[in-house]
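Asker: Just a sequence and a predicted model for now, questions to come.
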Amino acid sequence: MSILLDTMTPVIVQGITGREGSFHTEQMQSLGTKVVGGTSPGKGGTTHMGVPVFNTVADAVEATGATASGIFVPAQFAADAIMEAAAGGITLIVCITEGIPIQDMIKVKDFLRGYPATRLIGANCPGLITPGQAKIGIIPQRITSPGSVGMVSRSGTLTYEVGSALSAAGMGQSTIVGIGGDPVLGLTFRDIVELFEKDPATTHLVLIGEIGGSDEEHAAELLARGTRLKTVAFISGRTAPEGKRMGHAGAIVSGNRGTAKSKEEAFRKAGVAVAETTDEIVGLLR
Amino acid sequence: MKLLEYQAKEVLSSLGIAIPPGIVARTPDEAAAACSRLGPVAVKAQVPVGGRGKAGGIKLAKTPDDARRAAEQIIGMDIKGFRVSLVYCEAALEIAREIYLGFTVDRDARANILMLSAKGGMDIEQVAEESPDAIARLYPSPWRGPLDFELTQLAYDAGLGELVRPLTSLIKKLYRAIPEYDALTAEINPLVVTKSGDVVAGDAKLETDDNAAWRHVDLEEKYGSVLGGDPYEVEAKKRHLTYVSLDGDIGIVGNGAGLCMSTLDLVQRAGGKAANFCDIGGGAKAEVVENALAVILMNPKVKGVLINVFGGITRGDEVAKGIVTARDNLKMRLPLVVRMSGTREEEGREILKRNGIEPGVSAWEAAQKIVELTRAGVR
């Protein structure tokens, strides 16, 4: 078992003929992801990476029955691509693209209210992987191994770092979800925690948060009500100064809001173990 | 991009919002001249941070001599790390009342929030904490913007019913900063009602979205260079690096924002202090590493550099070769510690060792090493 994605999920890739789209489609296929097609306006009717290419998402869904999509299109077009996927009937949209204007994402979030069954992951995220089964996005397969630890993170490379430490320690993962580093994004920590809670194959949980916003605090509130998952949280950016954006558009402490301290305290209050360095995560999870 | 007050006011004025007459001055003489033209003025430090008033960055001047003295005191001041290089001399207003008006992105709601309050001229976060009911709020549709009836409700909710007409018209103008400039925050605090009944922007804050800079090249061209700012950050931007200056002495390069932030945290834990945040993104190409090191080494405070690269599909031996080349091209002599992982990381570490670079197996070990080396002053 897993959350959101397994070997049976039919996936399309938006922007499949691009450099990034092609490369990562191949990576996704090599893991066993059921990639059933892709889109690239003007290239409908052709074949790329061994799958049919369509002009639009609606065409692709009609022909293939795809329910999930990975988006690899440039930032200028990504917001439209997300809305196109939702309107075309995709229910799991994973947007990898970094640098989408925040006002575009606010429009996307408003648009998605009309599609309550649709889930968006990202943007500005590495996507998700169910080790040994399937992935949508760019999380490298080699840092993962199948198992029962659920992982959710705002950071890409930090996820890889912790994933490989877990794998090396023999602690495999059920599903790893990178929710992204933008201030306005799709699924939140809380949404993912709820999904892991309902997944019988997941027994442990690692949350990797960072400064900015209060999504970590909201997840802590949920965990405080009680959870069957043995959970460890880690927050990066303890030493980040106020008012500076640390790489991710969403990683910013504003006044006294969004600090690592506030997030760590929220988790501790919820009875969740807090790792002070990523090296401590494996030990605390055992 | 955080605009300076006078720049934000120029933008508001272009949207049809009334602003007091004002003149930018770079010298005390220019400030005196501005006062002779405008009459009594407020001489205001132009820095992209709040709290200037408390820091002594705003002074009232009745005469040109007053204005000259005020400018002498303010120009060159350091306000929260920003050196004041210009002042804005603005005609003093006859204030009848002060209102708060602003919008910003509400991250929890994933929407724009519009706020209006009769308690103007104060820190809005303080108002929100002490008397949350004093702020009326509206989440306008991002597709059509605020509607008249919504704004009428907002004005009455804020206890400003008698100003409903001028406020509705003004808020619609301010809202245009979202579709037209990709504003993330646009704030008028105070919004001044003058004794003659005019509604004028007393102060203005405007922050636009860097992700949308490609839609507003004109704005960047007009105001970006005036903003100046930290010289290393300016240089890093030219080299397309994600870089933030900090006040320590250990240079940091990492790939990925989260990993890079956690590296700063580890350095502090080991007893050191980072000089910067620098995310070189995926891949860690030699050219990008060289650009990052070049910017970091511009800073004379830097005593050593820690590179932390997690290679997903990147090959460790290639990363190592790239780092050695970058160091040699730059003739870098300061201590350098590299922690890297990825495919062929063992070979990578061998290459580093052979070239006199300290490899670290874990990020924590590497952080301790660089702190030790910079403390010892090893060269």
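Answerer: Received the coordinates, thanks. Residues are numbered from 1 along each chain as shown, chains lettered A, B, ... in the order given.
Asker: any weak-confidence spans in the chain?
Answerer: Here I'm looking at chain A. In the prediction, chain A carries residues with pLDDT under 70 at positions A:1.
Asker: not quite, I wanted chain B
Answerer: Scanning chain B for pLDDT under 70 picks out B:225-228, B:282-284, B:312-314, B:377-379.
Asker: Can you find the residue of it that comes nearest to chain A?
Answerer: Taking CB to the nearest CB as the measure, chain B has B:G258 as its residue closest to chain A, at 2.3 Å. For glycine as for every other residue, the C-beta is placed from the backbone atoms N, C-alpha and C.
Asker: Against B:G258, how distant is the residue in the stretch 151-286 of chain A that chain B sits nearest to?
Answerer: Nearest to chain B in the stretch 151-286 of chain A, going by CB to the nearest CB, is A:S155, at a distance of 2.3 Å. In this structure, A:S155 and B:G258 are separated by 2 Å, where distance is defined by CB to CB, to the nearest Å.
Asker: show me where the stretch 51-200 of chain B has strands.
Answerer: Remark: strands of the stretch 51-200 of chain B, listed N- to C-terminal, are B:58-61, B:78-79, B:82-83, B:87-91, B:95-106, B:111-117, B:135-138, B:183-194, B:199-201; assignment by DSSP state E, counting those that start in this stretch.
Asker: between those strands, which gets nearest to B:E318?
Answerer: Each of these was checked against B:E318 via CB to CB, and the shortest separation belongs to strand B:183-194, namely 38.7 Å.
Asker: Next one: the closest one, is it in contact with chain A?
Answerer: Yes: with CB under 8 Å from any CB of the partner chain as the threshold, strand B:183-194 lies in contact with chain A, specifically through B:L184.
Asker: Please identify the buried residues of that strand?
Answerer: Neighbour-count burial for strand B:183-194, counted by 16 or more other CB atoms under 10 Å in any protein chain shown, picks out B:A183, B:L184, B:T185, B:A186, B:E187, B:I188, B:N189, B:P190, B:L191, B:V192, B:V193, B:T194.
Asker: And for stretch B:158-171?
Answerer: With the criterion 16+ other CB under 10 Å, stretch B:158-171 contains buried residues B:A158, B:L160, B:L163, B:V164, B:P166, B:L167, B:T168, B:L170, B:I171.
Asker: and the strands of the stretch 51-200 of chain B as TSV, adding distance to A:D279?
Answerer: As requested, the strands of the stretch 51-200 of chain B are exported to TSV (distance: least, CB to CB, whole Å):
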stretch	distance to A:D279
strand B:58-61	49
strand B:78-79	39
strand B:82-83	37
strand B:87-91	50
strand B:95-106	35
strand B:111-117	39
strand B:135-138	44
strand B:183-194	36
strand B:199-201	52
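Asker: quick one, which of the ones you listed is nearest to A:M83?
Answerer: Each of those was checked against A:M83 via CB to CB, and the shortest separation belongs to strand B:111-117, namely 16.2 Å.
Asker: Report the distance from that closest one to the chain centre.
Answerer: Centroid separation for strand B:111-117 versus its chain: 21 Å, with CA atoms, centre = their mean, to the nearest Å.
Asker: Same question for stretch B:327-341.
Answerer: Relative to the mean C-alpha coordinate of its chain, stretch B:327-341 is positioned 30 Å out (CA atoms, centre = their mean).
Asker: State the distance spanning the first to the last residue of it.
Answerer: According to CA to CA, to the nearest Å, stretch B:327-341 extends 19 Å from its N-terminal end residue to its C-terminal end residue.
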